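>>> Pasting a predicted model and its sequence here:
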Amino acid sequence: MKDGFLLGDTLLARLARARSVLVLTGAGMSAESGIPTFRDAQTGIWSRFSPQELATPEAFARDPGRVWQWYEERRKSVRSAQPHAGHRALVQLETMVPELTVVTQNVDGLHQLAGSGKVWELHGNILRSRCHLTQRPIGSDWLADSPHSPPRSPYVEGGLARPDVVWFGEVLPTAAVEAAAAAASRCDFCFSIGTTSLVQPAASLPLVALEHGAALVEINPAETPLSPYASLSIRGKASEVLVTLVSEFAAWTGHYEVSPHT
């Protein structure tokens, strides 16, 4: 065995034996790609509004144009963002284990853009839109051709396009929640990355993994409510820690070298 690894020999061995790995990511993962957190997006002309004034069904009903425009501003940041080295390191790790599932609280699609194969979005995706009445998806071509703000729905009179994200007071997508719970129950190794571990139901997933015997590693710059329960808490940026961790795992198991620029 080799000593001095970030995870240590014991956790490296558990990761090497893992049949299923769960990776939970939060806003800290996306922040390194230049995407403002939800509250950081309350800047400029939007600074005088609370999230509840812009991210609820009631807000959309009162003033759909204002809500749509705020999300259009946020979409600009997302469209210009690129996955960072940490996203790409997770893609590399996926090739080294039998199963890796990403469950994310982020709505930017960066995990998929980086190449992760199995991603469940608990809070939706800001780049998608759906009809606010039928909930059916609305394609980007339809949105681009519409002169209205927000665009009218192609499905039903009175329907409007809305961001395909979960607003305050709304239920999370059933399929994503069930898949995330199942992944937590069956995983042998769990990473919690860049999340405050305060928002439910995501915050409970690592604890479910622990209850089923998984090892738990937290990667976050600051301590969180999850920290006391983790097998190991690593303080640092997700990009730097993940590149080092996956490179070391590759070396420990005899896989190829992982480059931060892959």
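All right, it came through fine.

>>> lowest-pLDDT helix or strand in this structure?
When each helix and strand of the chain is scored by mean pLDDT, DSSP states H and E, helix 51-54 comes last, with a mean of 74.

>>> just checking, what packs against the helix or strand following that one?
Where DSSP states H and E defines the elements, the next helix or strand beyond helix 51-54 is helix 57-62. Applying 3 or more Cβ pairs under 8 Å, 6 or more residues apart in numbering; DSSP states H and E, we find helix 57-62 packed against helix 64-80. (Each C-beta comes from the backbone N, C-alpha and C, glycine too.)

>>> Extract the C-alpha set from the helix or strand just after the helix it packs on and format it as PDB.
As assigned by DSSP H and E, the chain's next helix or strand after helix 64-80 is helix 85-94. C-alpha atoms of helix 85-94 as PDB (Å, rounded to 0.1, in the frame of the first residue of the first chain):
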ATOM      1  CA  ALA A  85     -11.500  20.600 -13.800                       C
ATOM      2  CA  GLY A  86     -13.500  19.100 -11.000                       C
ATOM      3  CA  HIS A  87     -16.400  18.300 -13.300                       C
ATOM      4  CA  ARG A  88     -14.000  16.600 -15.700                       C
ATOM      5  CA  ALA A  89     -12.300  14.700 -12.800                       C
ATOM      6  CA  LEU A  90     -15.700  13.200 -11.900                       C
ATOM      7  CA  VAL A  91     -16.100  12.000 -15.600                       C
ATOM      8  CA  GLN A  92     -12.700  10.300 -15.200                       C
ATOM      9  CA  LEU A  93     -13.700   8.700 -12.000                       C
ATOM     10  CA  GLU A  94     -16.800   7.300 -13.600                       C
END
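
>>> Many thanks, we can stop here.
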